[in-house]
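S.K.: make a model of this:
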Amino acid sequence: MNKRDKSYNTSSKSTTVSSPSFSFWGDIKMLIKFKLSLMVLMSSVLGYLVVAGFQTSPFILVMLTLGGFLTTAAANILNQVLERDFDGLMERTKNRPLAANRMKVSEAVLMAGIAMVSGIGMLAMINPLTALLGTLSLLSYAFVYTPLKRYSTASVAVGAIPGALPVLIGTCAFEGTMSVLGLTLFGIQFLWQFPHFWAIGWLSFEDYKKAGYKLLPINEEGNIDQNIGLYSGMYALLLIPVCYFGFINEPRISVTMFILSIVLSVAYLVFCVLLQKRKDRKSAMSLMFSSFFYLPLILLVYLIF
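M.R.: Just a heads-up that it's a prediction; the model follows:
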């Protein structure tokens, strides 16, 4: 799509304001939330590699990678189909292809359908449980979490379930069942999301408020609850017993894995405490960035050690 220019004339001069240009492939990347999809895929692949080790199957790895990516893409497309009117109200999402009317809803739904059928089909080629969990993740994200965001802060907990399923899908792709190790990784990724999301929510609160999303606890004045850091810290603290549960019940989790996972979880907790203490955007941003490092690092700990 070519860049469009709009000119505004004043009594003394003419000012030209250029709107951003968008390409077809750029719109596709926005539609499927490409970076988010890659992050989700990373947790699934790392989950598989943690349990598979040297028994990694190239076929399963390819099917998991492609199937997981397409299933995630389908969920993200359906999310934008359902939220297109609200996306148009927020600065960070108003230029998405559906919100900006650069793409038809029917086109997006068709792409979601193709991605969903292809993705779930590839997961089914691994084993039935992997396909079932993939389907559950897609449906709960698109049709439960997405509409619930406008009605209740409980949507954060609901959305954390499909958000944590990818790593369990990865372990089930190799094991064909839900093992203690798989459930431990699921629990870690589930709890990790609360500080991660609330930090992002702190930074984007005004945008969420414009769209009417009830994602963050608020006070009587309608502003951010000043105890977000405390709530985040409570979930970060719960990471420690989850790691301990895995250690005492799963022989494959070594002492080194356990100790390093506790160190990472305590570090994550510290950033939550700092947000509670300082209650400012800088602390929220620090917590957000720490969350970007925490998840891949702890999965690498379980993979390497």
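
S.K.: low pLDDT regions in this structure?
M.R.: 1-20 (pLDDT under 70).

S.K.: domain assignment for it?
M.R.: The domain map for the chain lists 23-177, 179-305, with the assignment taken from automatic domain parsing.

S.K.: now do the first one: distance to the chain's middle.
M.R.: By that I understand domain 23-177. 9 Å (Cα atoms, centre = their mean, to the nearest Å).

S.K.: can you tell me the SS state at the closest residue in space to residue 242 that isn't next to it in sequence?
M.R.: Nearest residue to residue 242, sequence neighbours excluded (Cβ to Cβ, 6 or more residues apart in numbering): residue 187, at 4.3 Å. No exception for glycine: its C-beta is placed from N, CA and C like everyone else's. Under DSSP: H, G, I helix; E, B strand; the rest coil, the three-state class of residue 187 is helix.

S.K.: what about residue 187, how many residues close to it?
M.R.: Residues near residue 187, counting by other Cβ atoms under 10 Å, number 20.

S.K.: for it, give me its contacts.
M.R.: 164, 242, 245-246 (Cβ atoms under 8 Å, 6 or more residues apart in numbering).

S.K.: please report how far it lies from residue 209.
M.R.: Using Cβ to Cβ, to the nearest Å, residue 187 is found at 31 Å from residue 209.

S.K.: same thing with residue 196?
M.R.: Taken as Cβ to Cβ, the span from residue 196 to residue 209 is 20 Å.

S.K.: can you pick out the residue with more neighbours from those two?
M.R.: residue 196 (24 against 18).

S.K.: pull out the buried residues from stretch 104-124.
M.R.: Buried positions in stretch 104-124, judged by neighbour count with 16 or more other Cβ atoms under 10 Å: 108, 111-112, 115-116, 118-120, 122-124.

S.K.: ditto for stretch 30-43
M.R.: Within stretch 30-43, the residues that qualify as buried are 30-34, 37, 40-43, counting by 16+ other Cβ under 10 Å.

S.K.: next one: stretch 45-59
M.R.: Of the residues in stretch 45-59, 45-52 count as buried by neighbour count, 16+ other Cβ under 10 Å.

S.K.: how about stretch 80-92?
M.R.: Using 16+ other Cβ under 10 Å as the test for burial, stretch 80-92 gives 80-84, 86-90.

S.K.: next one: stretch 123-136
M.R.: Across stretch 123-136, burial judged by 16+ other Cβ under 10 Å covers 123-124, 126-127, 129-131, 133-135.

S.K.: residue boundaries of the helices in this structure?
M.R.: Under the criterion DSSP state H, the chain contains helices at 24-31, 34-52, 58-87, 105-124, 128-140, 146-148, 155-175, 180-203, 205-211, 228-249, 255-278, 281-304.

S.K.: using TSV, lay out those together with distance to residue 98.
M.R.: Formatted as TSV, the helices of the chain follow (distance: least, Cβ to Cβ, whole Å):
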stretch	distance to residue 98
helix 24-31	7
helix 34-52	15
helix 58-87	4
helix 105-124	6
helix 128-140	18
helix 146-148	13
helix 155-175	20
helix 180-203	21
helix 205-211	14
helix 228-249	30
helix 255-278	33
helix 281-304	26
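
S.K.: residue 97 is nearest to which of these?
M.R.: Among the helices of the chain, the nearest to residue 97 by Cβ to Cβ is helix 24-31 (4.1 Å).
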